[in-house]
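>>> Need a 3D model of the sequence below.
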Amino acid sequence: MGQVRSVKLEDIARELGVSIVSVSNALKGKKGVSENLRLRVRKKAEEMGYHPGTEPSASQGGAVYIGVVIAERYVKIYPSFYMDVYRQIAQEASAGGCLTVLHIVEQAEEKNGQRLKLFMDIQVQGVLVLGELNADCVRQIRKKSGVPLVCVDFYGMDPAFDYIAVDNFHGMQRLTQKVIDCGHEKIGFVGTPLATESIMDRYMGYCKAMEVNGLSLREDWLIYDREEDGYTTILDVSLPEELPTAFVCNCDRSARLLIEQLARRRLRVPEDVSVAGFDHSYVSVAEGLTMTTYECDERTLAREGLKTLLKRMEGKGGPAGIRIIEGELVEGNTVATLERQP
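Model prediction:
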């Protein structure tokens, strides 16, 4: 008889199209979810046969456990890029005979330096941190766990860690160049450069593409999509009176919000304004629209992060700095080709 697969919080979250944080809060009776959602989560958990405490314990079979840490702010939204990467990691780890344990770092833990409560009573042999966290928080995780740690999809300057990162700079440069090649010269950027290192790199890639093509960077065409602390997303971005012919956005979610806001102003994409995203998080963004974007290679990102961590767990080598994972341009229909002026 085959082994019965235990139902996890992420399984329930995926079924309902909500975040893991919402599922956890609903099942634990915490604030932050509506009563309607709480009832839906509990009903779905019962239907799927979820029971708290059914996940394998550290004492069962001497399994190798890998801890995965994600900031709460990255899983509040759906779809979540980092949950997609986590699922890839979980699959790769399972194929190699390892189990993963997910820990969501709550905003108060990360922002105010409160004591982290990592992985409950499970002893992990290595840790992967997905998405940029406060540097002090990362060091605290390493100190508290006492095991090798690899940072995925961000990088820092601490020589004690390996970093596996998306090619944010060149990816955005290539994407902006694609928009320029379509005849656009007036191009804005949607993103808050100081919010995260990733957004800063994407912004600098945009700047380089504009500069090498002799195109002007206008301050009023830099549209912030979140607060500089990186925690608060701005859902209603402030658009200038004079719009560029195109925007490149630091992520597909911001691109989608921009498209919705343009629609409220009765502006069509791409006929009136072209929009390009980043991450390839959405298959479609509106009726008849598929995003022109830059696709991050989630599988390679997950595989290389896990492979690097396993080497460190086996005592092979030491931290080797930053490794960049390239992605690919995805051509949708959100960027129009303009007729070049004679």
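
>>> When you work out contacts or count neighbours from here on, use the C-alpha atoms and nothing else.
Will do.

>>> Tell me where the stretch 51-200 of the chain has helices.
When assigned using DSSP state H, counting those that start in this stretch, the helices of the stretch 51-200 of the chain occupy the ranges 72-75, 81-95, 107-112, 135-145, 168-181, 197-212.

>>> Please disregard the earlier target; I meant the stretch 201-342 of the chain.
In the stretch 201-342 of the chain, helices defined by DSSP H, counting those that start in this stretch lie at 252-264, 298-313, listed in chain order.

>>> Could I get the ones you listed in CSV, plus columns for mean pLDDT?
Putting those into CSV (pLDDT from 0 to 100) gives the following:
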stretch, mean pLDDT
helix 252-264, 92
helix 298-313, 93
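
>>> Residue 94 is nearest to which of the ones you listed?
helix 298-313 (11.2 Å; C-alpha to C-alpha).

>>> CA-only coordinates of that closest one, as CSV, when you get a sec.
Coordinates of the C-alpha atoms in helix 298-313 are reproduced here as CSV (Å, rounded to 0.1, in the frame of the first residue of the first chain):
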residue,chain,number,x,y,z
GLU,A,298,12.0,29.4,-11.0
ARG,A,299,13.0,25.8,-11.4
THR,A,300,16.7,26.6,-11.9
LEU,A,301,16.6,29.1,-9.1
ALA,A,302,15.1,26.4,-6.8
ARG,A,303,17.4,23.7,-8.0
GLU,A,304,20.6,25.7,-7.7
GLY,A,305,19.6,27.0,-4.3
LEU,A,306,18.9,23.5,-3.0
LYS,A,307,22.0,22.0,-4.6
THR,A,308,24.2,24.6,-3.1
LEU,A,309,22.7,24.1,0.3
LEU,A,310,23.1,20.3,0.2
LYS,A,311,26.8,20.8,-0.7
ARG,A,312,27.3,23.0,2.4
MET,A,313,25.4,20.5,4.5
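
>>> Give the buried residues for it.
By neighbour count on 16 or more other C-alpha atoms under 10 Å, the buried set for helix 298-313 is 298-306, 308-310, 312-313.

>>> got the contact list for residue 125?
64-67, 147-148, 313 (C-alpha atoms under 8 Å, 6 or more residues apart in numbering).

>>> Could you do residue 303 as well?
88-89, 92.

>>> coming back round to it: need the max-distance pair from the contacts of residue 125.
For these, with distances taken as C-alpha to C-alpha, the pair at the greatest spread is 64 and 148 (13.5 Å).

>>> Adding distance to residue 83, write the buried residues of helix 298-313 out as JSON lines.
As requested, the buried residues of helix 298-313 are exported to JSON lines (distance: C-alpha to C-alpha, whole Å):
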{"residue": "298", "distance to residue 83": "10"}
{"residue": "299", "distance to residue 83": "12"}
{"residue": "300", "distance to residue 83": "15"}
{"residue": "301", "distance to residue 83": "13"}
{"residue": "302", "distance to residue 83": "11"}
{"residue": "303", "distance to residue 83": "14"}
{"residue": "304", "distance to residue 83": "16"}
{"residue": "305", "distance to residue 83": "15"}
{"residue": "306", "distance to residue 83": "15"}
{"residue": "308", "distance to residue 83": "20"}
{"residue": "309", "distance to residue 83": "19"}
{"residue": "310", "distance to residue 83": "20"}
{"residue": "312", "distance to residue 83": "24"}
{"residue": "313", "distance to residue 83": "23"}
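
>>> ok, now how distant is residue 35 from residue 227?
From residue 35 across to residue 227, the span is 29 Å (C-alpha to C-alpha, to the nearest Å).

>>> who has more neighbours, the two?
Regarding residue 35 and residue 227, a neighbour count based on other C-alpha atoms under 10 Å identifies residue 227 as having more, with 15 against 12.

>>> didn't that one look like it was pressed against residue 193?
No. Here residue 227 does not reach residue 193: they are 9.9 Å apart, not a contact under C-alpha atoms under 8 Å.

>>> which stretches of this structure form strands?
Counting by DSSP state E, the chain forms strands over residues 64-71, 98-105, 126-130, 149-152, 162-166, 187-190, 222-223, 246-249, 274-276, 293-295, 322-325, 328-330, given from the N-terminal end onward.

>>> tell me the mean pLDDT for the last one?
Put plainly, it is strand 328-330. Averaged across strand 328-330, pLDDT comes to 96.

>>> ok, back up a step: ok, the contacts of residue 303 vs residue 239, which is closest?
The shortest gap between residue 239 and any of these belongs to residue 88, at 36.8 Å (C-alpha to C-alpha).

>>> For the closest one, which residues are in contact?
Residue 88 makes contact with 298-299, 302-303, according to C-alpha under 8 Å, 6+ apart.

>>> What of residue 172?
Residue 172 makes contact with 202-203, 205-206, 278, 294, according to C-alpha under 8 Å, 6+ apart.

>>> Spatially nearest residue to residue 296 (excluding sequence neighbours)?
Nearest-residue entry for residue 296: residue 327, 4.7 Å, with adjacent residues in sequence omitted and distances by C-alpha to C-alpha, 6 or more residues apart in numbering.

>>> and the one you found, how many neighbours does it have?
Close neighbours of residue 327, defined as other C-alpha under 10 Å, add up to 19.

>>> From residue 71, how far out is it?
Using C-alpha to C-alpha, one gets 23 Å for the distance from residue 327 to residue 71.
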